[in-house]
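Chemist: predicted structure and sequence below. I'll ask about it afterward.
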Amino acid sequence: MNDERYERGWKKLKEIDGEAGERVIEGLKDISPDLGRYTIEFPFGDIYSRPGLDLKSREIATVAALTAIGNALPQLKVHINGALNVGCTRQEITEVIIQMAVYAGFPAALNGMFAAKEVFRQRDEQGDGRMSA
């Protein structure tokens, strides 16, 4: 096991996804701790830690991809939160989702927008100031 890779990934996961990311990993402990470790090491320890794109750009790409594939609603919500955590505004997130109507179709964009609406509502209820446009 590469503990440096894991530690780098865990730090990046917490920076981007915060408690939501931690809950995903925690939820895997009793059924597949290996998948949790892989999730920390590869996406966050390797990909998100690469130079070349800032975290905001990476999260915009992730929100677009998850919206487009259309069958990853829980992950989309986590990454909408992540996008807000790294500096995206509501407007930027909704524009990315609208853009996906062109490439993934209106059903995918509608589902993505309703996911964003739910995340925004939850964060408003929690009084999270990072919600502003």
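Modeler: On my side now, so go ahead.

Chemist: and the longest helix seen in the chain, what does it pack onto?
Modeler: Among the segments of the chain that qualify as a helix by DSSP state H, the longest is helix 3-28. Contact here means 3 or more C-beta pairs under 8 Å, 6 or more residues apart in numbering; DSSP states H and E; on that basis helix 3-28 packs against helix 33-39, helix 55-69, helix 73-85. (Each C-beta comes from the backbone N, C-alpha and C, glycine too.)

Chemist: list the buried residues for that helix?
Modeler: For helix 3-28, burial by neighbour count (16 or more other C-beta atoms under 10 Å) applies to 5, 8-10, 12-13, 16-17, 20-21, 24-25, 28.

Chemist: out of those, which comes closest to Met113?
Modeler: Of all the buried residues of helix 3-28, Ala20 has the smallest distance to Met113: 19.1 Å, by C-beta to C-beta.

Chemist: where does the closest residue to Ile80 other than its chain neighbours sit, in terms of helix or strand?
Modeler: Counting by C-beta to C-beta, 6 or more residues apart in numbering, Val119 is the residue found nearest to Ile80 once chain neighbours are left out, at 4.5 Å. Using DSSP states H and E, the secondary-structure element containing Val119 is helix 106-125.

Chemist: what helices and strands are in contact with that helix?
Modeler: Secondary structure elements in contact with helix 106-125, counted by 3+ C-beta pairs under 8 Å, 6+ apart, are helix 55-69, helix 73-85, helix 90-104.

Chemist: what's in contact with the second one?
Modeler: I take that to be helix 73-85. Here helix 73-85 makes contact (C-beta atoms under 8 Å, 6 or more residues apart in numbering) with 15-18, 20-21, 24, 56, 59-60, 62-63, 66-67, 90, 92-93, 111-112, 115-116, 118-119, 123, 128, 130-131.

Chemist: which among those residues end up buried?
Modeler: In those, burial by neighbour count holds for 16-17, 20-21, 24, 59-60, 62-63, 66-67, 90, 92-93, 111-112, 115-116, 119, 123, 131, counting by 16+ other C-beta under 10 Å.

Chemist: follow-up on the earlier one: out of the helices and strands packed on helix 106-125, which is closest to Arg37?
Modeler: Nearest to Arg37 among the helices and strands packed on helix 106-125 is helix 73-85; the distance by C-beta to C-beta comes to 17.5 Å.
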